[in-house]
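Chemist: with the input below, show me the fold.
(chains A and B)
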Amino acid sequence: METSILNLDLKKNKINPKIYLKKYIQLIEKDCKKFLKPKLLKKSYCPTSREKNCSSSFKVFGMKYNISKKYKNIYLEKKPDEKLLRKFYINSEARKFWKNKIWPATRKERNKKLIYPLVEWIERFIDNKKKVTFYEFFPNHNHFSEGIKRKFKKSKYVFLNSLIENPSGHQNYSYDFKRNGQKVAVLFESINRCIEPEKLMKNVKSKLNKGDLCFITTLLSSGFEIKILGKSSKTFIPPERMNILSLEGLQSLLKKVGGFEILELSTPAILDIPNVIEKMDKKNEFFNYIFNQRQDKNLIENYRQFLQLFRLGTYCRMVLKRK
Amino acid sequence: MKNKLRCAIIGYGYMGEIRHRCVEDNPNLILDNICDIRKIKIKKNIKVIKNFKDSIHSNIDIVFVCVPNNLIPKIVNYSLSLGKHVFCEKPPGRNLLDIESIIKHEKKSKDSKLMFGFNHRYHPGIMRAKYLVDNKKFGEIIAIRGMYGKSGGKNFRLSWKNNPKISGGGILIDQGIHMLDLFNYFLGNFNLVKSILGNKAWKFNVEDNAMIVLKNNNGKLAMLHSSSSFWKHMFEINIILEKGYLKIDGLLSKTGSYGREKLTIGKKLFESDKSALGNPPEEIIYFDKDLSWNIEVDKFINFILNKKVVNESNSKDALNVMKIVEKCYIDNKNFKFS
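Modeler: Residues are numbered from 1 along each chain as shown, chains lettered A, B, ... in the order given. Presented below is the predicted three-dimensional model:
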């Protein structure tokens, strides 16, 4: 299994400018209250162990997140079904704001720092001259697919469980998986966004053949930011982040589903430290000292590398090979 | 598969034990016997034979040759003459004459498959780098620089590897040969080879340090420092390409003494990104599983079962690397060892 240490010069404010982010969060909160009414939601359990008891819980926008006892997975106690989730994404004012304001304002930076590096990462494992078919599960925008199609010119791209309205040029919901050629599943934060991660991974497993690859990005509850900030981390945005598994929870889920070999598991930890610096309790003497008082760039850089090396970042990327 | 291929392992030192595990791990193989002239301890109930000719009997399909260098041609040639498939550890003998005699026997034994244990090709960092080079992600290779060495150790003086009559040379033919094989794997066709050898550290009759520079017929350069006096185990290879660079350092091993294997990937960035000038952002990939021994045996078995020509780590590769080694020793024929 590989672990990558990345060196991305990613500035949080350039991909999520504060002026827009505040408004976006306000709109999401309104949308949650408008569309995700408690009576429409279904009770859910730990995405890995299915245990009903939790160690603690907290609320965001009136929606309750539980923390599971065994794996410390964080998940919404009540979730919408896929139909309601799709309705949410299609009608959400926040999504419209993201599409019309945030994306145009940050497009250049997001392409350069987020999307193209992701495509390059995929190219490390798959020759872009090959004819492959990409299946993106639970997408809520088409920017990744555009980036991938730009480099993998001979490939096909298909959305599955799409949360986008009228995804032009993409087949939606169903596809004939019996065709020949290498298949690649891409799950860009789909584990966070889907209703049941286990069901999703079983679906991915059933669609892929031996040797096919699956690329995953996901947020982890075992990451530095969430461990330090807890519920005050800005990670918890329902319903975009319904399931935030721990590293152990994710590995255990994959073991339970079976049929995959992990080729790479990395946690780039690019935004963990800036996020912690911004929101941490100033009484935390140790982190205050090393991140603020010392004013040593090398210390911060080395701390970030330490988080990457031991897979302690909040953002995770993973490559699986179907056995 | 109904009938498993029956194997004999000749020589049960460090490499023999590794091959024993590879045979056990491969579902197509079954171990018939182990041959060693010494008294050896094996946990399982496996036949141990003293004479290699008794070991390579009629029921044997594959012979793993894991013996000191001077015995290699004799055992490989004997096995090939009986029509056996042979997997031979590196180096492929002590000198060019040894490998040439092996190739003569290989040609006569047309149905036999012969492969050599250049396992470094199958280390995860090397495999990943080879993929990036072959896919031209960073353009063509300009040059390669390698360092490979060890600390020696308490009993290093006693090793047959430092007896030129048995080994054919010192650290270069023992360990440096892996790096030279990697140079051939990535570049090849070296028509200019210059070397300087030294023995100031251990004062044996063989080199303990070797500096080699090479140039191929496309003008690509390579450089190796092979040493048994780094005083630490060290493996590092830098591949300089038109649009970036790759560095593999550390090598996964049983003891972990070469450090964790990692591949550093850097892109060529110039003034367009001032902050990166001369110090571009790098990606480092850490690996934690070495399957190189199994991969090469799996490949070998695949060649046998599918009746395919051995097209990697074959006798041609062995000959090419021994030509470089031989040239290095010829360059230093007037070198007076202490």
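
Chemist: what parts of the stretch 201-338 of chain B come near chain A?
Modeler: Listed as neighbours of chain A in the stretch 201-338 of chain B under the rule C-beta under 8 Å from any C-beta of the partner chain: B:275, B:281-289. Bear in mind the C-beta positions are built from the backbone N, C-alpha and C, glycine included.

Chemist: ok, residue A:76 - contacts?
Modeler: Taking C-beta atoms under 8 Å, 6 or more residues apart in numbering or on different chains, we find residue A:76 in contact with A:44, A:63-66, A:238-239, A:242-243.

Chemist: that one and residue B:200, how far apart?
Modeler: 69 Å (C-beta to C-beta, to the nearest Å).

Chemist: what's the answer for residue A:14, then?
Modeler: 56 Å.

Chemist: same thing with residue A:276?
Modeler: Taken as C-beta to C-beta, the span from residue A:276 to residue B:200 is 53 Å.

Chemist: who has more neighbours, the two?
Modeler: Neighbours per residue (other C-beta atoms under 10 Å in any protein chain shown) separate residue A:276 from residue B:200, with residue A:276 holding more: 20 against 9.

Chemist: was I right about the more buried one contacting residue A:291?
Modeler: Yes - contact criterion C-beta atoms under 8 Å: residue A:276 and residue A:291 qualify, at 7.2 Å.

Chemist: other SSEs contacting the lowest-mean-pLDDT helix or strand in chain B?
Modeler: In chain B, no helix or strand scores lower on mean pLDDT, DSSP states H and E than strand B:282-287, which sits at a mean of 90. If contacts are counted by 3 or more C-beta pairs under 8 Å, 6 or more residues apart in numbering or on different chains; DSSP states H and E, strand B:282-287 sits against strand A:2-5, helix B:124-134, strand B:262-267.

Chemist: mind giving me TSV with the ones you listed and columns for distance to residue A:318 and mean neighbour count?
Modeler: As requested, those are exported to TSV (distance: least, C-beta to C-beta, whole Å; neighbours: other C-beta atoms under 10 Å in any protein chain shown):
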stretch	distance to residue A:318	mean neighbour count
strand A:2-5	10	21
helix B:124-134	16	19
strand B:262-267	18	20
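
Chemist: which single one of the contacts of residue A:76 is nearest to chain B?
Modeler: residue A:243 (27.1 Å; C-beta to the nearest C-beta).

Chemist: so the closest one makes contact with residue A:47?
Modeler: Yes - Residue A:243 lies in contact with residue A:47 (C-beta under 8 Å); the separation is 4.9 Å.

Chemist: neighbour count for these two, which is higher?
Modeler: Neighbours were counted for residue A:243 and for residue A:47 using other C-beta under 10 Å; residue A:243 has more, 30 against 27.

Chemist: quick check: residues of chain A near chain B?
Modeler: Residues of chain A found near chain B (C-beta under 8 Å from any C-beta) are A:1-9, A:123-124, A:127, A:264, A:309.

Chemist: for the nearest residue to residue A:260 once chain neighbours are set aside, helix, strand, or coil?
Modeler: Of all residues not flanking residue A:260 in the chain, residue A:320 sits nearest, at 4.2 Å (C-beta to C-beta, 6 or more residues apart in numbering or on different chains). Here residue A:320 is strand, with the state taken from DSSP: H, G, I helix; E, B strand; the rest coil.

Chemist: wait, a helix at residue A:305?
Modeler: Yes - per three-state DSSP, residue A:305 lies within a helix segment.

Chemist: which residues sit in contact with it?
Modeler: Neighbouring residues of residue A:305 by C-beta under 8 Å, 6+ apart: residue A:5.

Chemist: so for it, what's the pLDDT?
Modeler: With respect to pLDDT, residue A:305 has a value of 90.

Chemist: can you count the residues close to residue B:211?
Modeler: With other C-beta under 10 Å as criterion, residue B:211 counts 17.

Chemist: which strands or helices does the helix or strand hosting it pack on?
Modeler: Assigned by DSSP states H and E, residue B:211 falls within strand B:209-216. Here strand B:209-216 touches strand B:190-198, strand B:221-227, helix B:315-331, going by 3+ C-beta pairs under 8 Å, 6+ apart.
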